[in-house]
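Q: Pasted the sequence and its predicted model underneath.
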Amino acid sequence: MRAQDADAVLALYQAGIEEGDATFETAAPDWESFDAAKLPLHRYVAVDDATGAVLGWIAAAPTSSRDVYAGVVEHSVYVRGDTRGRGIARALLDALIASTESAGVWTVQSGIFPENAASLALHRAAGFRVVGTRERVGRQHGTWRDVVLLERRSPVVA
């Protein structure tokens, strides 16, 4: 993911926001804020070879600034609606897992709305396990929402 991908990445993020089951956010941030919040080594885009269009993205952020949590990241993955079901999200997730394991990250986690069945299935297929459900953890447009917390513990990082 590079600065030249910014417009496409943020447009996909905004589309996910508008669908309503991807995040508590109400608007995509500006690129500077997005870029500053994500770890530079653990972000990828999927690009259509024929058109150069960004089809999806994945990025990780630290879960905490405390040293003890240096090996734990949380991630987000977004795929353009008309290209879902083609394995793009899985390829992005696999790339993220490889990069985080190479960097010594032992836990990758994500919070997913329980209504987002496709994302839950994707993560389970990639080796994530459900840790639990955080009930009424936040409001979205005035409505309390639950979030399913999933994590993947690396089998190679000790």
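A: In hand now; what should we look at? Numbering: from 1, shown residues only.

Q: where does the residue nearest in space to the middle of the chain land on pLDDT?
A: Residue closest to the average C-alpha location in the chain (Cα atoms, centre = their mean): Ser76, at 1.1 Å. pLDDT, Ser76: 96.

Q: Let me know the secondary structure of it.
A: Classification of Ser76 using DSSP: H, G, I helix; E, B strand; the rest coil returns strand.

Q: Let me see the ranges of the strands in this structure.
A: 43-47, 54-62, 72-79, 107-112, 129-140, 143-153 (DSSP state E).

Q: Pull the third one out as CSV, backbone CA atoms only.
A: If I follow you right, that is strand 72-79. These are the backbone C-alpha positions of strand 72-79, laid out as CSV (Å, rounded to 0.1, in the frame of the first residue of the first chain):
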residue,chain,number,x,y,z
VAL,A,72,-0.1,-8.2,19.0
VAL,A,73,-1.8,-6.3,16.1
GLU,A,74,-5.3,-5.7,15.0
HIS,A,75,-6.2,-5.6,11.4
SER,A,76,-8.9,-4.5,8.9
VAL,A,77,-9.6,-5.9,5.5
TYR,A,78,-11.9,-4.4,2.9
VAL,A,79,-12.8,-5.7,-0.6
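
Q: Counting by contacts, list what that strand packs against.
A: helix 6-19, strand 54-62, helix 88-102, strand 107-112 (3 or more Cβ pairs under 8 Å, 6 or more residues apart in numbering; DSSP states H and E). The way it works is simple: take the backbone N, C-alpha and C, and place the C-beta from them, glycine included.

Q: Ser33: which of those is closest?
A: Among the helices and strands packed on strand 72-79, helix 6-19 comes nearest to Ser33, with 10.1 Å by Cβ to Cβ.

Q: returning to what we had before: any chance of the helices and strands packed on strand 72-79 in a markdown table, with mean neighbour count and distance to His42 too?
A: Shown next, in a markdown table, are the helices and strands packed on strand 72-79 (neighbours: other Cβ atoms under 10 Å; distance: least, Cβ to Cβ, whole Å):
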| stretch | mean neighbour count | distance to His42 |
| --- | --- | --- |
| helix 6-19 | 17 | 14 |
| strand 54-62 | 22 | 4 |
| helix 88-102 | 18 | 5 |
| strand 107-112 | 21 | 9 |
